[in-house]
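Asks: Whatever this is, show me its structure:
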Amino acid sequence: MFTGIIEEVGKIKGKRNKGEGLEILIEGEKIFDDLKVGDSISVNGVCLTVEKIENKKFSISISPQTKKQTNLGEIKIGEYVNLERALKIGDRIGGHFLTGHIDFKTKIKTLTKQGEFFLMKLEVLEEYRKYLVKRGSIGVDGISLTIAEIENNNVLIYLIPYTIENTNLKYRKTGDFVNIEIDIFARYLVK
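Replies: Numbers count the residues shown, from 1 in each chain. Below you'll find the predicted structure:
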């Protein structure tokens, strides 16, 4: 379980095929305080398991399904990813509950600067639209964000300068793929 408050932006330092899946090596700094082999970690919103740690780098495996359904399947060496360690009981929850189970990936339709802020427009698959509400939460590459508006099959999200500066969104542009996780509570309410 995660909160969608990104702790650090890591960098992809290695990638290799592992059967039908992948093994990825990620470099970080802050997250190593208490990170250990076997821990769950959110990488661009995907819940993964830390398999090896060495010299401020850790490796994870990506299953064939995760490779296909998330933006980690196309990740390149040198790209940046959002990192968050699993929630500890007693921690503050600044965002919203995220499971790390990605529902789908989608392209950024537009990412435009508006003064100090940015406006991001994302298309949401029809089967997931019933879970979206104005001012509701949505996970985008593991970031807890608030839906500003819903226009047909699109959600509009305003991004504050802090979010841009402290996540991989500062490297994103129109046409890039992002991972989407629908709010778990919305799912249960609809169900």
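Asks: contacting residues for the closest residue to Leu159 other than its chain neighbours?
Replies: Of all residues not flanking Leu159 in the chain, Phe118 sits nearest, at 4.3 Å (C-beta to C-beta, 6 or more residues apart in numbering). Placement of C-beta: from N, CA and C, glycine included. Listed by C-beta atoms under 8 Å, 6 or more residues apart in numbering, the contact partners of Phe118 are Leu111, Thr112, Tyr158, Leu159, Ile164, Leu169.
Asks: and which of the residues you listed is nearest to Val190?
Replies: Of all these, Tyr158 has the smallest distance to Val190: 25.1 Å, by C-beta to C-beta.
Asks: ok, and what's touching the helix or strand hosting that closest one?
Replies: Here Tyr158 is covered by strand 154-159, with elements defined by DSSP states H and E. Under the contact criterion C-beta under 8 Å, 6+ apart, strand 154-159 has outside partners 109, 117-124, 132, 138, 140, 145-150, 169.
Asks: cutoff 6 Å now
Replies: Applying C-beta atoms under 6 Å, 6 or more residues apart in numbering, the contact partners of strand 154-159 are Phe117, Phe118, Leu119, Met120, Lys121, Leu122, Glu123, Val124, Leu145, Ile147, Ala148, Glu149.
Asks: Direction included, what does that strand pair against?
Replies: strand 117-123 (antiparallel), strand 149-151 (antiparallel) (DSSP bridges).
Asks: from these, which stretch is densest packed?
Replies: Of all the strands paired with strand 154-159, strand 117-123 has the most neighbours on average by mean count of other C-beta atoms under 10 Å, namely a mean of 17.
Asks: can you give me the strands in the protein?
Replies: 8-18, 21-27, 40-43, 46-49, 52-54, 57-62, 80-85, 104-114, 117-123, 137-140, 143-146, 149-151, 154-159, 177-182 (DSSP state E).
Asks: What does the pLDDT read for the residue of the chain positioned farthest from its centre?
Replies: The C-alpha centroid of the chain is most remote from Gly115, which lies 25.0 Å away (C-alpha atoms, centre = their mean). Per-residue pLDDT puts Gly115 at 93.
Asks: ok, how many other residues are close to Glu29?
Replies: 12 (other C-beta atoms under 10 Å).
Asks: So what does it look like in phi/psi?
Replies: phi -140, psi -70 (degrees, to the nearest 10).
Asks: how close does Tyr128 sit to Ile108?
Replies: Computed with C-beta to C-beta, to the nearest Å, the distance linking Tyr128 and Ile108 is 17 Å.
Asks: Repeat that for Ile157.
Replies: 10 Å.
Asks: that older thread, which one of the contacts of strand 154-159 is nearest to Leu87?
Replies: Leu145 (17.6 Å).
Asks: Quickly list what the nearest residue to the closest one once chain neighbours are set aside is bridged to.
Replies: Excluding its sequence neighbours, the residue lying closest to Leu145 (C-beta to C-beta, 6+ apart) is Ile157, at 5.0 Å. Note on Ile157: beta-bridge partners by DSSP bridges are Met120.
Asks: Thanks a lot, see you next time.
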